[in-house]
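# Make a model of this:
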Amino acid sequence: MEQVNKNWLYEFKSKNLIKKLDGSQTEETTDFALLKPNRRLREDGELFYAAETSRFAKAGVLPKAAWNTILSNGGGSISDKERELYGNLLIKFRDLSFELQSILIKNDQERSALEKQRSNDIIEELDETRKDIQTFESSQIEIFENTAEAKARNKTILWWVLNIFYKKENNNYIPFFEGESYEDKLNYYDSLEDSGETNSFLLGALRRATYLITLWFLGRAEKNEDFEFFDSNLLKEKVSEQSQEEQAEQKENSQNIIEEIKAE
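Here you go, the predicted model:
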């Protein structure tokens, strides 16, 4: 069994067919990886999520607390017991977030060893609480996908994609996204999306990574075996889609030939 590198959540290879000028094709393989975030990066991710939640709330998008009030007054389709459970999860997540922010206000040198350990514990608790909240919300998707927190979650997933997706060049892994700041990386992301077929290979690898990072963020992929399972299923789906497209194309070509014969 291949040894898993402890620096990475998951590594995968992607093949690219390159057409030569003479019409022939050559195949190149590129290695990609998802970085395993350290404590500092996780803290940055939590702060980004908090900032985005606040930004959407200020823009007028209802936060979960407002929806919880609506549900408490009889809206929605959840029972009193489920409503109480959800409210407790929200309170726990809020309290943990406030405690973490009170520690993160200090720079790394100002924090005591106890505070550093506590921040690690809080981040783990936040991850677990977020998973419980997301499990509950999946049954109320129409409501909770329009909250400030849900929109912040989607932006945070993109933030993680920009910061932990790597590619290998000259036997060394380098960040997939060029630039130092979030905005620089986002601009590169947009330019890649706008390039279309010109960078279809990189876009394919990016979408594959985005799928896996989303599962990781939602708590569905944690171990290397989890990533392998979801990745292999994704590749099978792609092969199936390509096969269906090829069959449709062959059917269309055959029909065109028949029509040409009839015309003659």
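# any idea how far residue 209 lies from residue 95?
Taking Cβ to Cβ, to the nearest Å as the criterion, residue 209 is separated from residue 95 by 33 Å. Quick note: C-beta positions are derived from backbone N, CA and C, even for glycine.
# When those two are compared, which one has more neighbours?
In this comparison of residue 209 against residue 95, neighbours counted by other Cβ atoms under 10 Å, the higher total goes to residue 209 at 24 against 12.
# Over to that one: give its phi and psi.
Note on residue 209: its backbone torsions stand at phi -70, psi -40 [degrees, to the nearest 10].
# Could you list which residues are in contact with it?
With contact set as Cβ atoms under 8 Å, 6 or more residues apart in numbering, residue 209 has these partners: 32, 34, 161, 165, 176.
# okay, now the closest residue in space to the fourth one that isn't next to it in sequence: neighbour count?
This means residue 165. Of all residues not flanking residue 165 in the chain, residue 176 sits nearest, at 4.3 Å (Cβ to Cβ, 6 or more residues apart in numbering). Applying other Cβ under 10 Å, we find 23 other residues in the vicinity of residue 176.
# For residue 176, which phi and psi angles does the backbone take?
Backbone phi and psi, for residue 176 under degrees, to the nearest 10, turn out to be phi -70, psi -40.
# can I get the contacts of residue 209 in CSV with pLDDT, distance to residue 236 and secondary structure?
As requested, those are exported to CSV (pLDDT from 0 to 100; distance: Cβ to Cβ, whole Å; DSSP: H, G, I helix; E, B strand; the rest coil):
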residue, pLDDT, distance to residue 236, secondary structure
32, 96, 19, strand
34, 97, 20, strand
161, 96, 23, helix
165, 97, 22, strand
176, 96, 24, coil
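# which one of these is nearest residue 189?
Top of the list for closeness to residue 189, among the contacts of residue 209 and by Cβ to Cβ, is residue 161 at 8.0 Å.
# wait, that closest one sits on residue 211?
No. With contact defined as Cβ atoms under 8 Å, residue 161 does not count as touching residue 211 (10.0 Å).
# Those two: who's more crowded?
Shown here are residue 161 and residue 211; by other Cβ under 10 Å, residue 161 has more neighbours (22 against 14).
# what sits against that one?
With contacts defined as Cβ under 8 Å, 6+ apart, residue 161 is in contact with 189, 206, 209, 210, 213.
# on that earlier part again, am I right that the residue nearest to residue 165 is in contact with residue 163?
No. Judged on Cβ under 8 Å, residue 176 makes no contact with residue 163 at a distance of 9.8 Å.
# average pLDDT for the strand or helix carrying residue 229?
Here residue 229 is covered by helix 224-263, with elements defined by DSSP states H and E. The average pLDDT for helix 224-263 rounds to 62.
# Same question for stretch 59-70.
73.
# Next: stretch 99-109.
Here the average pLDDT along stretch 99-109 is 85.
# what's near enough to touch the residue lying closest to residue 50 once chain neighbours are set aside?
In space, not counting the residues next to it along the chain, residue 50 is nearest to residue 97; the distance is 6.4 Å by Cβ to Cβ, 6+ apart. Residues in contact with residue 97 (Cβ under 8 Å, 6+ apart) are 46, 50, 126.
# hmm, back to that, hmm, which two among the contacts of residue 209 are most spread apart?
By the measure Cβ to Cβ, the contacts of residue 209 have their two most distant members at 32 and 161, which lie 11.9 Å apart.
# Measure how buried residue 175 is and give me the count.
Residue 175 has 16 neighbouring residues, counting by other Cβ under 10 Å.
# Perfect, that will be all.
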